[in-house]
Each structure stands twice: as structure tokens, then as C-alpha cells.
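1. Give me a 3D structure for the following:
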Amino acid sequence: MSGASGPPLDFGRSAIARYIQLATLFRSRIVSGQWPLGSQIPTVDELAEDCGVARATIRQALDQLEKEQLIERYRAKGTFVRRRPQEELWCSVATDLGGLLRPAGDSEIEILSDEPNVILKQVAYPIGTLAPMYRHLRRRHFRNKEAFLITDIHIDERLNDSISDKDLTTKTALRLISDIPGLKIVEAQQTLTIGSADMDVADALNMPLNAPVAFVHRRAVDQNGVAVLVAEGIYRGDVVRLDIKLT
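-> Residues are numbered from 1 along each chain as shown. I've put the predicted structure just below:
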């Protein structure tokens with residue numbers, strides 16, 4: 001029943017609250033099978049000793065896992081693993097253009113905002129020349145009724161007439177532009193970084209403040225050298241998977 005033993009963990013290296021760091025650690029133990037489904041986890045006293053923190057901090061972390069319905073607590077019996085995190089929500093971030101063009105599958109897309117004639121003066125990880133104006137779409141992606149991704153998409157305003165309302169709720173960002181007749185993507189770039197959820201993201205994705213997230217930046221340039229797509233996505237860190245073929 002005991003957790004990983006060893007010297008107390010050093011939580012001071014991060015500005016993230018200790019109980020959130022612990023919740024992430026305990027969540028990882030469930031995902032990895034260190035705490036198997038149906039098993040009893042260590043007591044609050046044992047976890048406090050193993051992690052070198054106060055019992056109150058352990059309780060806060062367990063409160064978070066209980067809120068996510070990952071554990072169940074029974075008076076006089078202990079705490080047991082109820083389920084693994086987001087078992088059916090795993091989404092793979094493709095590393096090739098073909099994968100990025102695949103349909104969203106069983107996911108649902110909600111349009112949160114749609115703003116025309118947006119001028120971008122600079123973007124992160126730029127390629128190509130910026131278009132004069134962009135259509136800015138903010139979308140939220142769901143799987144099994146659970147939100148897992150928020151995206152901000154900027155599409156060259158001049159391409160609007162070639163994109164239908166149905167396209168906006170069924171197609172990936174790159175698919176939106178790659179399906180436009182006469183438009184050729186000559187360069188595409190994807191950059192993935194790791195960060196933490198701010199208040200807006202935590203609220204939109206129903207996740208703890210400062211929990212891990214993956215930021216995915218996508219850029220696409222047409223045959224005229226114009227960056228026709230500038231997109232940023234924020235994935236829940238507990239559902240994203242990056243697969244890279246080495247051969």
C-alpha cells in the first residue's frame with residue numbers, strides 16, 4: 001500500500017501550489033498502475049511522511065482526486081482507486097501532415113467566438129508572410145461530453161467564402177484550409193510546448209488551476225508564401241499523447 005519511498009520531495013522549485021503538484025503526482029500513480037484500479041492507496045499519514053508535507057496538504061490533493069472521481073473514501077476502511085483519469089479521452093497529437101489532416105473522429109466542436117477582420121502584427125513561431133486580415137475562431141473540442149482542447153484559429157480572411165458553417169464544427173484547423181480548391185499548402189509547422197492552465201483555461205476545460213497543459217502551435221503557408229493559417233491549441237495535459245516514429 002505504501003507509495004514511493006525516499007527523501008522528501010522538493011516542491012519549492014515550482015510556484016504551483018503543493019497540493020496541486022501532489023494531485024498531479026498521485027494522478028500519475030493511478031495512470032501508471034502504481035496504484036491499480038480497485039486498490040487501496042496509502043493512508044494520509046503514510047503519504048505525508050513519504051512526501052514530506054503536512055497531512056492537510058495531502059487531504060487537499062486527495063480532495064482534488066475525489067472531485068475528479070478517481071478515488072473513493074470510506075470511513076474506517078480507507079481510500080480506494082475508483083477509475084483511471086479520462087480513460088476514453090486520450091487524443092494523439094500527430095507529428096506528420098497526414099495525421100493533422102485526419103477528421104476529428106468522435107469529437108465534437110463548439111464555436112465559442114467568431115471575429116472577422118483581425119489584424120495580426122506578430123505571432124509565435126512564424127513562417128511565411130502574414131495576411132492583411134484574419135478570421136479569428138475560438139473553438140472548444142469535446143469527447144464523450146468532456147472538454148479536452150481549446151483552439152484559437154486565424155484563417156486568411158480572403159478564404160472565408162470557401163469555408164462552410166458545417167466545416168467549422170467538423171474539420172481540424174489544417175483540414176479547413178487544405179480542402180479549399182486551388183489552395184496549396186507548401187509549408188506547415190507544428191510546435192509543442194508544456195505549460196500550466198490559467199484561470200480561463202482551467203474554467204473552459206474543467207480542470208484545476210495551474211494543472212499541466214500542452215500548447216500546440218500550428219502554421220501553414222500557401223503557394224504565395226502567405227501564412228493562411230495561424231492556430232494555437234491548448235490540450236489538457238492528462239489526455240494528450242505524442243507518438244513519434246523513430247524508423
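
2. Please identify the next secondary structure element, helix or strand, after the biggest helix by length in the chain.
-> Across the chain, the helix with the greatest residue count (assigned by DSSP state H) is helix 18-32. Tracing the chain past helix 18-32, the next element assigned as helix or strand by DSSP states H and E is helix 44-51.

3. buried ones in whichever helix or strand comes after that next one?
-> Following helix 44-51 in sequence order, the next helix or strand is helix 55-67 (DSSP H and E). Neighbour-count burial for helix 55-67 flags 57-58, 60-62, 64-65 (criterion: 16 or more other CB atoms under 10 Å). All C-beta atoms are positioned from the backbone trio N, CA, C, and that covers glycine.

4. show me the contacts for His141.
-> For His141, the contact set (CB atoms under 8 Å, 6 or more residues apart in numbering) comprises 104, 107-110, 147-151.

5. my bad, should have said Lys184
-> By CB under 8 Å, 6+ apart, Lys184 lies in contact with 222-223.

6. again, only this time at 10 Å
-> Listed by CB atoms under 10 Å, 6 or more residues apart in numbering, the contact partners of Lys184 are 178, 221-224.

7. For Arg135, see how far away it is.
-> With distances defined as CB to CB, to the nearest Å, the gap from Lys184 to Arg135 amounts to 20 Å.

8. Over to Glu157?
-> Counting by CB to CB, the gap from Glu157 to Arg135 is 5 Å.

9. ok, those two, which is more surrounded?
-> The residue with more neighbours, out of Glu157 and Arg135 and counting by other CB atoms under 10 Å, is Arg135; that gives 20 against 16.

10. ok, what's across the strand from that one?
-> Ile155 (DSSP bridges).

11. ok, back up a step: next, show the common contact partners of Glu157 and Arg135.
-> Here Glu157 and Arg135 have 116-118 as joint contacts, going by CB under 10 Å, 6+ apart.

12. Of all the residues in the longest helix of the chain, which ones are buried?
-> Residues of helix 18-32 classed as buried: 18-27, 29-30 (neighbour count, 16+ other CB under 10 Å).

13. domain ranges for this structure?
-> Residue ranges for the domains of the chain, per automatic domain parsing: 18-81, 91-242.

14. And the helices in the protein?
-> 18-32, 44-51, 55-67, 97-100, 165-168, 173-178, 199-204.

15. Of those helices, which is nearest Gly78?
-> With distances scored as CB to CB, the stretch of the helices of the chain nearest to Gly78 is helix 44-51 (9.9 Å).

16. Now do that closest one and helix 55-67, the angle between them.
-> 110 degrees (axes from the mean of the first three to the mean of the last three CA atoms, to 10 degrees).

17. And helix 44-51, what does it pack against?
-> helix 18-32, helix 55-67, strand 78-81 (3 or more CB pairs under 10 Å, 6 or more residues apart in numbering; DSSP states H and E).

18. among the ones you listed, which gets the worst mean confidence?
-> Of all these, mean pLDDT reaches its minimum on helix 18-32 (a mean of 85).

19. rewinding a little: which among the helices of the chain is found nearest to Ala231?
-> Closest approach to Ala231 among those (CB to CB): helix 173-178, 4.3 Å.

20. Quick one: distance of the closest one to the chain centre.
-> 20 Å (CA atoms, centre = their mean, to the nearest Å).

21. helices and strands around it, which ones?
-> Identification of packing neighbours for helix 173-178 by 3+ CB pairs under 10 Å, 6+ apart yields helix 97-100, strand 134-143, strand 146-156, helix 165-168, strand 185-196, strand 212-222, strand 226-236.

22. what about the protein, any weak spots by pLDDT?
-> Along the chain, segments meeting pLDDT under 70 span 1-16, 85-106, 241-247.

23. Which residue in it shows the largest distance from the geometric centre?
-> Relative to the C-alpha centroid of the chain, counting by CA atoms, centre = their mean, Ala76 is the outermost residue, at 37.1 Å.
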